[in-house]
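> A predicted structure for the sequence below; I have some questions about it.
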Amino acid sequence: MSLQDRIINHFTDSIKIQQDTMTYLSELIEYASQRLVSTLLNDKKILTCGSGRSATSAQLLSSAMLNQFERDRPSLPVIALTTNTATITGITNEFHFEDIFSKQLRALGQSGDMLVIYTDGNSSTNIAKVITTAHDKEISVIAITGNNGGLIPSLLKETDIEIRIPSTSSTRIQEAHILITDCLCDLIDHQLFG
């Protein structure tokens, strides 16, 4: 296979997953955006996290909401739990890696807030633990997953939402996570600011 063929395969695979995601998950994405808007209108905040490359999706959501997505508008309270290196390494050193998000959520989260997690479907104990902590604090969860969801689906409650990308490829899943994040940012801006 030539290098050009490999490039074409990447684009073709990505387009197919994006189309499948649009076809099967657009209503769920719309509903998730409405839940996020309701959280913000109730003077609550959104907290977000993910491990590895999924952390970049969490940071993209936070950055677009705290600063701006595509238009100038007031900042919105969205906190990425993935960005404080001193806190994350301190928790890992003094406690356990699985506590890096749950310990922060215990301190920062309040009842009525919303937690948005990103995972490609691999079983991350730190993501599982933050979901349990969210439920203990009466915080609903939007889980943006892929593959078979890993540990996540069994941890979710009726009030939670799972948006699962129909793919087993971590790369394609994470590409779809970014597009879903862009959709959520756009829908939040549209609903709040017209």
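Right, received. Where do you want to start?

> Which neighbouring elements make contact with the lengthiest strand in the chain?
Looking across the chain with DSSP state E, the single longest strand is strand 140-146. Here strand 140-146 touches helix 3-41, strand 114-118, helix 125-136, helix 152-155, strand 161-165, helix 170-193, going by 3 or more CB pairs under 8 Å, 6 or more residues apart in numbering; DSSP states H and E. To be clear about C-beta, it is placed using only N, CA and C from the backbone, and glycine gets the same treatment.

> if you set the cut-off to 10 Å instead, what comes out?
Counting contacts by 3 or more CB pairs under 10 Å, 6 or more residues apart in numbering; DSSP states H and E, strand 140-146 is packed against helix 3-41, strand 46-50, helix 54-66, strand 114-118, helix 125-136, helix 152-155, strand 161-165, helix 170-193.

> From Ile91, how far out is the residue nearest to Ala80 when sequence neighbours are not counted?
Leaving aside its chain neighbours, Ala80 sits nearest to Ser62 (3.8 Å; criterion: CB to CB, 6 or more residues apart in numbering). Separation of Ser62 from Ile91 (CB to CB, to the nearest Å): 19 Å.

> out of these two, which sits in the busier spot?
Ser62 (24 against 20; other CB atoms under 10 Å).

> what residues are up against the more buried one?
46-49, 76-83, 116, 181 (CB atoms under 10 Å, 6 or more residues apart in numbering).

> The lowest-mean-pLDDT helix or strand in the chain to helix 54-66, inter-axis angle?
Every helix and strand in the chain was compared by mean pLDDT, DSSP states H and E; the lowest is helix 85-94, with a mean of 91. Angle between the axes of helix 85-94 and helix 54-66 is 140 degrees (criterion: axes from the mean of the first three to the mean of the last three CA atoms, to 10 degrees).
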